[in-house]
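Q: return atomic coordinates for the entry below.
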Amino acid sequence: MVSGFLLVAMLTVVSKIVSFAKDAVVAAKLGTADELDAFMLVFGFFSFASTVLAGGLPESFVPAYAELRERRGLRRAERLGVQCTAWHFGALLICGVSLALFAPQVIGWTTHGFTPQKQQLAAQLMRGLLPFLLCFGLAQHLSAWLRAGRCFMLAASAPMLVPSGIIIALLLAGDQVNAWTLVSGTVWGGASCMSRCS
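A: Model (predicted):
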């Protein structure tokens, strides 16, 4: 238990360092551009939505999974895990599609200080980041499943993949950096996070 705690603590510190490096690279490449404002707003929406949707179901899933595994065996517990994952994916999909369909209205309602061009860009970015919501939200659920099975290293190292994806996308883009570079890095990082946890 102590070694698991130390491993999670160390990987959490490394994840924070990678996030700081990502912020430094983004600031160096984009500075205070309007595109960055639009991206940060949309990224905040999706991060909040995935955290809210991933906060309740996975955390209530872990004790039920552990109890079922002890009482009725691993096969029955794994079945519960698959069922919960399907329900969680459905909730993420409904939330994501709703945000994508009503993106202009949501952006217009929350960004009174944005110019019309910036609002339009934010609505486009919201639709472009839909795969991130699905992948990252599902990765949080799968991480809870891994923690329930005492696989701490994979679960604790997955969150650093999103900032790593953004850093790689920014470095590969060179001088051609824009908001869509951030979107591609974020989606790639979210997909990598989900595949690592699955």
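Q: unless I'm mixing things up, Thr110 is touching Ala38, no?
A: No - counting by Cβ atoms under 8 Å, Ala38 is not a contact partner of Thr110; they are 11.6 Å apart. Heads up, the C-betas are built off the backbone N, CA and C, glycines and all.
Q: between those two, who's got more neighbours?
A: More crowded of Thr110 and Ala38, by other Cβ atoms under 10 Å: Ala38, with 25 against 14.
Q: Thr186 reaches Pro163, doesn't it?
A: No - Thr186 lies out of contact with Pro163 (Cβ under 8 Å); the separation is 9.1 Å.
Q: more neighbours, these two?
A: Higher neighbour count among Thr186 and Pro163: Thr186, with 27 against 23, using other Cβ under 10 Å.
Q: just list the residues touching the more buried one, thanks.
A: Counting by Cβ atoms under 8 Å, 6 or more residues apart in numbering, Thr186 touches 43, 129, 132, 162, 165-166.
Q: which non-adjacent residue is nearest the residue most central in space within the chain?
A: Nearest residue to the geometric centre of the chain (Cα atoms, centre = their mean): Phe136, 3.1 Å. Closest residue in space to Phe136, ignoring its immediate chain neighbours: Gly190 at 4.2 Å, by Cβ to Cβ, 6 or more residues apart in numbering.
Q: then Ala158?
A: Of all residues not flanking Ala158 in the chain, Cys193 sits nearest, at 4.6 Å (Cβ to Cβ, 6+ apart).
Q: so which strand or helix has that neighbour?
A: Taking DSSP states H and E as the definition, Cys193 sits inside helix 179-197.
Q: report the distance from that helix to the chain centre.
A: For helix 179-197, the separation from the chain centroid amounts to 8 Å (computed by Cα atoms, centre = their mean, to the nearest Å).
Q: restrict stretch 188-198 to CA atoms and write it as PDB.
A: What follows is stretch 188-198, C-alpha atoms only, in PDB (Å, rounded to 0.1, in the frame of the first residue of the first chain):
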ATOM      1  CA  TRP A 188      -4.700  12.900 -29.600                       C
ATOM      2  CA  GLY A 189      -3.800  13.200 -25.900                       C
ATOM      3  CA  GLY A 190      -7.300  12.200 -24.900                       C
ATOM      4  CA  ALA A 191      -7.400   9.200 -27.200                       C
ATOM      5  CA  SER A 192      -4.000   8.100 -25.900                       C
ATOM      6  CA  CYS A 193      -5.200   8.500 -22.400                       C
ATOM      7  CA  MET A 194      -8.200   6.300 -23.100                       C
ATOM      8  CA  SER A 195      -6.200   3.600 -24.900                       C
ATOM      9  CA  ARG A 196      -3.600   3.500 -22.100                       C
ATOM     10  CA  CYS A 197      -6.400   2.900 -19.600                       C
ATOM     11  CA  SER A 198      -8.300   0.300 -21.600                       C
END
